[in-house]
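*Asks:* just the structure for this:
(one chain, ligands or ions: 1)
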Amino acid sequence: MRTIQHRKRIAIYPGTFDPITNGHLDILARASQIFDEIIVALVENTTKSTMFSLLERHHFLKQAVAARAFGCPVRVETFKGLLVDFAKRKKAPIIVRGLRAVSDFEYEFQMALMNRHQSAQIETVFLMPDEKYVYLSSSMVKEVGHHQGNLKSFLPKPVLMAIREKLRHRT
Ligand code: PNS
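*Replies:* You can find the predicted model right below:
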């Protein structure tokens with residue numbers, strides 16, 4: 001009798017992660033209940049100007065991922081070039097993105113369709129975070145951090161400490 005081989009569903013969770021927030025971790029936890037393996041893909045060649053260096057962001061990601069239990073194996077990697085090419089190299093047909101408010105939609109829609117145009121085999125899947133993270137973004141975190149605001153419930157502890165430290169030296 002022939003058995004049907006279940007192919008491992010590998011998903012990519014890409015981003016700039018400047019820095020990783022509890023909102024990102026919430027999406028990751030949800031995705032880990034759906035897929036068999038997740039690769040958190042930190043982009044190397046971003047056009048955005050970042051607060052944290054690639055090395056710092058990579059370190060925070062690894063630390064934050066290692067500190068949590070997920071529903072499937074999760075690993076952190078960096079990539080250069082097109083996301084779909086990275087996904088193909090990793091044999092991952094799924095891209096996971098978090099969708100918070102309607103304001104995310106336009107950008108995410110554009111990106112998903114552009115990625116589909118580059119590679120029709122790769123599908124983008126959107127997940128919604130817990131309501132408490134709907135208005136959370138890395139840029140908001142940096143802005144609030146800059147004004148010494150309260151970020152305790154939004155960031156993994158090492159990131160919280162690093163952001164305070166970085167901004168202390170800036171002012
Ligand atoms: O966290 P971000 O900044 O919204 O993530 C954006 C990211 C890294 C997913 C996107 O910029 C990306 O995929 N960059 C790699 C280059 C690429 O493939 N661009 C085409 C998609 S628009």
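*Asks:* show me what contacts Ala31?
*Replies:* Ala11, Tyr13, Ile38, Val96, Val125, Leu127 (C-beta atoms under 8 Å, 6 or more residues apart in numbering). C-beta coordinates here come from the backbone N, C-alpha and C atoms, glycine included.
*Asks:* the second one pairs with what?
*Replies:* Right, the one you point to is Tyr13. When assigned by DSSP bridges, Tyr13 has beta-bridge partners Val40.
*Asks:* ok, and does stretch 96-109 reach over to the ligand?
*Replies:* No: on the criterion C-beta under 6 Å from any ligand atom, stretch 96-109 is out of touch with the ligand, staying 7.4 Å away.
*Asks:* contact partners of that stretch?
*Replies:* With C-beta under 8 Å, 6+ apart, stretch 96-109 has contacts from 11-14, 23-24, 26-27, 31, 35, 38, 111-112, 124-129, 133-137.
*Asks:* mind running it again at 6 Å?
*Replies:* Ala11, Tyr13, Ile27, Ala31, Val125, Phe126, Leu127, Met128, Pro129, Val134 (C-beta atoms under 6 Å, 6 or more residues apart in numbering).
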